[in-house]
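Chemist: Output the structure for:
(2 chains)
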Protein chains: 2
Amino acid sequence: MERVFDEELQFLKEKILRMAALVEDALSLAIDALKEQKEEPARAVLKNEENINVLDVEVDEICMRLLALRQPMAGDLRFITAGMKIGSDLERMGDLAVNVAELALDLARLPLLKPLIDIPRMSLLAQAMVRDAIEAFINRDDALGRDVCLRDDEVDALDDQIFRELLTFMMEDPHNIRRAVALILVSRNLERIADHATNIAEDVIYMVRGKTIKHHIEKNGIPRSTENQA
Amino acid sequence: MERVFDEELQFLKEKILRMAALVEDALSLAIDALKEQKEEPARAVLKNEENINVLDVEVDEICMRLLALRQPMAGDLRFITAGMKIGSDLERMGDLAVNVAELALDLARLPLLKPLIDIPRMSLLAQAMVRDAIEAFINRDDALGRDVCLRDDEVDALDDQIFRELLTFMMEDPHNIRRAVALILVSRNLERIADHATNIAEDVIYMVRGKTIKHHIEKNGIPRSTENQA
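Modeler: Reported below is the predicted structural model:
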């Protein structure tokens, strides 16, 4: 029984790792499409979304089965409920990557407004946050989770900077408006992906400590002393 | 034991109803601030966010306690896991309402671009979706859940229409750009609130039927025959 439980937990981890890898790929392809004005990588994102959605349903089913049949306690219970939430977050990130891919498709038909530097940088930050949030989950590593939460500010700052720069492009020439608005929306989608990674990281910290830090991070900083109440 | 369990479920329902009411209020205040160019209702939204966050943590704690101590099966298990997800969705909606309130504060200091008709309409649609999604959850009403899912298209269509109209405003006069971009972002935030209501409705349908319809609605329409596998 114990062994079966461990195998199922392992299975859950693998599904979530696979989902996260697909989300990272989707993001990377969408930004490639945007940067290089190519349609194929954007179309690949639209095509691959289905795989993320299928995994979301599978993750949910595994978690429900584990909850119903194994009646886990304490740490395992929190691992499984975190897994459910993480599945939902990754699925939404997949949707957001699709939004970016669709914006890239719109922009591929128009001349490039400017060489893109900050948006790809923002995307790399968001991808790293996703990767590390999932690693924090798999290894029950609350220190890494805390690190991910803190990086969200950097993404928000880039989003603001991109927004202001694109506003000036629009003011200078109305021909820039359509493309600049599309890039503002890309930036907002990336910012939301980073938010989801932050949500995952918060869930991981709760899972490890058995105590929520949600809604305390932004205002008070994250307490460094780990009051492990698990 | 049975009676205590029912009381705790009731407690969970009340917390979620309270959360949903706060989200609806936040949205309504944020749109008032936007329409009437008043700062007070927007500031009230920022102030009230904390209450939504506190309820999110409480909902999570109730659900974890129910899962750990009561080891619920089948329908009750799905009710509780749906409750956890709904808490997260409502909390994100609260964040999105805060975004709208912040945009309203920015816009309150500038002349009104145009009388707002479609954005308040979109907000009312989103509010009704939230209210009905939560009612569907409380009453385990999958038909109402399905209805909520179908209304998401109307919100998306309004978002597209608002976007196109605001683009023309920007093209006509660069003085409109800053305000028009802010309104586009308001519209996107409302669209995402409706998405979260749709997510809740999908979770309700799964909860009632014991079978996921996620990721099938958009493409294939929602099956009318309820294959209740609960």
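
Chemist: so where is chain A shaky, pLDDT-wise?
Modeler: Within chain A, the ranges that satisfy pLDDT under 70 run A:1, A:211-230.

Chemist: At the contact with chain B, which residues of it appear?
Modeler: Within chain A, the positions adjacent to chain B are A:50, A:53-54, A:56-57, A:60-61, A:63-64, A:67-68, A:71, A:73-74, A:77-78, A:81, A:84-85, A:88, A:167, A:170-171, A:174, A:177-178, A:181, A:184-185, A:188, A:199, A:206, A:212, A:214-215 by CB under 8 Å from any CB of the partner chain. Where you see a C-beta, it was placed from the backbone N, CA and C, and this is true even at glycine.

Chemist: Residue A:118 and residue A:158 touch, don't they?
Modeler: Yes: in this structure, residue A:118 is within contact of residue A:158 by CB atoms under 8 Å, at 5.8 Å.

Chemist: Who has more neighbours out of the two?
Modeler: Remark: of residue A:118 and residue A:158, residue A:158 carries more neighbours, 21 against 15, as counted by other CB atoms under 10 Å in any protein chain shown.

Chemist: does that one belong to a helix or a strand, and which?
Modeler: Here residue A:158, judged by DSSP states H and E, is contained in helix A:142-172.

Chemist: Other residues contacting stretch A:90-106?
Modeler: A:16, A:19-20, A:22-23, A:26-27, A:29-31, A:33-34, A:39, A:41-43, A:45-46, A:49, A:52-53, A:55-56, A:130, A:182-183, A:185-186, A:189-190, A:192-193, A:196-197, A:200 (CB atoms under 8 Å, 6 or more residues apart in numbering or on different chains).

Chemist: Determine how far that stretch lies from the middle of the whole chain.
Modeler: Averaging C-alpha positions (CA atoms, centre = their mean, to the nearest Å) puts stretch A:90-106 12 Å from its chain's average.

Chemist: List the ones among the contacts of stretch A:90-106 that fall in strands.
Modeler: Assigned to strands by DSSP state E, none of these qualify.

Chemist: Please, a ChimeraX command that selects the buried ones among these?
Modeler: Per 16 or more other CB atoms under 10 Å in any protein chain shown, the buried members of the contacts of stretch A:90-106 correspond to this ChimeraX selection:
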select /A:16,19,20,22,23,26,27,29,30,31,33,34,41,42,45,46,49,52,53,55,56,130,182,183,185,186,189,190,192,193,196,197,200
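
Chemist: count of neighbours near the spatially closest residue to residue A:23 that is not a sequence neighbour?
Modeler: In space, and not counting its chain neighbours, residue A:23 is closest to residue A:93: 4.8 Å by CB to CB, 6 or more residues apart in numbering or on different chains. The local packing of residue A:93 (other CB under 10 Å) involves 28 other residues.

Chemist: name the element residue A:93 belongs to?
Modeler: Using DSSP H and E, residue A:93 sits within helix A:74-108.

Chemist: Please identify the buried residues of that helix?
Modeler: Buried-residue list, helix A:74-108, by 16+ other CB under 10 Å: A:76-105, A:107-108.

Chemist: same check, this time on stretch A:128-141
Modeler: Here stretch A:128-141 shows A:129-138, A:140-141 as buried, counting by 16+ other CB under 10 Å.

Chemist: ok, now stretch A:157-164?
Modeler: Buried residues in stretch A:157-164 (16+ other CB under 10 Å): A:158-159, A:162-163.

Chemist: for those, which one is nearest chain B?
Modeler: Nearest to chain B, judged by CB to the nearest CB, of the buried residues of stretch A:157-164 is residue A:163 at 8.2 Å.

Chemist: Identify the residues contacting the closest one.
Modeler: Residues near residue A:163 by CB under 8 Å, 6+ apart: A:184, A:187.

Chemist: ditto for residue A:70
Modeler: With CB under 8 Å, 6+ apart, residue A:70 has these contacts: A:5, A:8, A:76.

Chemist: could I get the residues you listed as JSON lines with distance to residue A:122?
Modeler: Shown next, in JSON lines, are these (distance: CB to CB, whole Å):
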{"residue": "A:5", "distance to residue A:122": "40"}
{"residue": "A:8", "distance to residue A:122": "37"}
{"residue": "A:76", "distance to residue A:122": "36"}
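
Chemist: which residues sit in contact with residue A:81?
Modeler: A:63, A:67, B:63-64, B:67, B:81, B:84.

Chemist: which of these tops the neighbour count?
Modeler: residue B:81 (26 neighbours).

Chemist: distance of that residue from residue B:114?
Modeler: Distance of residue B:81 to residue B:114, given as CB to CB, to the nearest Å: 45 Å.

Chemist: Can you flag which of the buried residues of stretch A:128-141 belong to helices?
Modeler: A:129-138 (DSSP state H).

Chemist: which one of these sits closest to residue A:151?
Modeler: Ranked by distance to residue A:151 (CB to CB), those are led by residue A:129 at 5.7 Å.

Chemist: Help me confirm that that closest one comes into contact with residue A:197.
Modeler: Yes: Residue A:129 lies in contact with residue A:197 (CB under 8 Å); the separation is 3.8 Å.

Chemist: Between those two, which contacts overlap?
Modeler: What both residue A:129 and residue A:197 touch, as defined by CB under 8 Å, 6+ apart, is the set A:148, A:152.

Chemist: returning to what we had before: which ones among the contacts of residue A:81 map onto helices?
Modeler: If you go by DSSP H, the contacts of residue A:81 have A:63, B:63-64, B:81, B:84 in helices.
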